[in-house]
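Asker: below is the sequence, then the predicted model.
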Amino acid sequence: MSQKHNIYRERVYANQGFPELVNLVGTQPCRVLDIGCGCGANLRLLRDRGHEAIGLTLSEAEARTVEEQGLSCRVWDITNEMLPFPSESFDVLIFSHVLEHVAWPEIILRRFTQLLKPDGRCMLALPNAMQFMSRWRFLLGRFRYTETGIMDRTHLRFFDFQSARHLLENAGLEVVEHFGLGMFPMGPLREWMPGFSAKVDWLVSGRYPGLFAFHIIVVGAPK
């Protein structure tokens, strides 16, 4: 077994989920596949919204955590050339901070889109390698891997705002939504004026997503 596979089998990703991405699924109950589901935070959000959600993970520890919450999960290597479900099985596919961890994301994305129904949606969330803090570090001549974040040491591919869009288009999908989510540096104002700060974040990330977005969101539909 490769060292890469050992890392992902042993690593556990736990967070509060990505409600901004999950909200794009809509309110109509549908069948969703969360590819790279971590400990199931997005699966919980999807279940709470009335969707039938299934997760895939390479980590047996994550799968146990997901199943302990009464959620559905399957241990699966997404680089496997076989698919874990029949064609046109799902209304929505979610790849939330997953494709940057694989060597050939275009191939994996094109393969998995076979699972989409003709009117389905594929939703990607990718880290923006050209976010302003990364640009500053690069300008200083620093290219350093970290344990988490944009420069996570397990990232194999890096994307900017436009290349994230091209990734989805190269998989044969039509882009129906493309935007960024991030934060504008506001110092102590963020704590003093959280509502105002949130509005500024939304406006600035929308106007200059390549610079201020941390998350790049791209949604595609079958052509």
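Answerer: Cool, the structure landed.
Asker: use CA for all of it now, contacts and neighbours both
Answerer: Will do.
Asker: longest strand in the chain, please.
Answerer: Looking across the chain with DSSP state E, the single longest strand is strand 116-127.
Asker: how far does stretch 98-110 stretch from one end to the other?
Answerer: 14 Å (CA to CA, to the nearest Å).
Asker: name the residues that touch that stretch?
Answerer: By CA atoms under 8 Å, 6 or more residues apart in numbering, the residues outside stretch 98-110 that reach it are 35-36, 78-79, 125-127, 154-159, 167-168, 170-172.
Asker: how does it look with 7 Å?
Answerer: Here stretch 98-110 makes contact (CA atoms under 7 Å, 6 or more residues apart in numbering) with 36, 79, 126, 154-158, 167, 170-171.
Asker: narrow those residues to those that are buried.
Answerer: Buried members of the contacts of stretch 98-110, counted by 16 or more other CA atoms under 10 Å: 36, 126, 154-155, 158, 167, 171.
Asker: count the residues that sit near the nearest residue to Pro222 once chain neighbours are set aside.
Answerer: Nearest residue to Pro222 in three dimensions, chain neighbours excluded: Leu173, at 5.0 Å (CA to CA, 6 or more residues apart in numbering). Using other CA atoms under 10 Å, Leu173 is surrounded by 21 other residues.
Asker: can you pull the pLDDT of Leu173?
Answerer: Looking at Leu173, its pLDDT stands at 96.
Asker: isn't it up against Gly220?
Answerer: Yes: between Leu173 and Gly220 there is a contact under CA atoms under 7 Å: 5.4 Å.
Asker: middle-most residue in the protein, spatially?
Answerer: Ser96 (1.5 Å; CA atoms, centre = their mean).
Asker: now the nearest residue to it once chain neighbours are set aside: how far from Glu60?
Answerer: Setting aside the residues directly before and after it, Ser96 is nearest to Ala125 in space (CA to CA, 6+ apart), at 4.6 Å. Ala125 sits 23 Å away from Glu60, taking CA to CA as the criterion.
Asker: which helices and strands does whichever helix in the chain runs longest pack with?
Answerer: When the chain is parsed with DSSP state H, its longest helix is helix 194-207. Using 3 or more CA pairs under 7 Å, 6 or more residues apart in numbering; DSSP states H and E as the contact test, the elements touching helix 194-207 are strand 173-182.
Asker: which secondary structure elements does the strand it packs on contact?
Answerer: helix 194-207, helix 209-212, strand 213-222.
Asker: how far off centre is stretch 181-200?
Answerer: 23 Å (CA atoms, centre = their mean, to the nearest Å).
Asker: now do the end-to-end distance for it.
Answerer: Stretch 181-200: ends 11 Å apart by CA to CA.
Asker: pull out the buried positions in the following helix or strand past the longest strand of the chain.
Answerer: Using DSSP states H and E, the helix or strand that follows strand 116-127 in sequence is helix 132-139. For helix 132-139, the buried set under the neighbour-count rule, 16+ other CA under 10 Å, comprises 132, 134.
Asker: same check on stretch 160-180?
Answerer: 160-161, 164-169, 171-175, 178-180.
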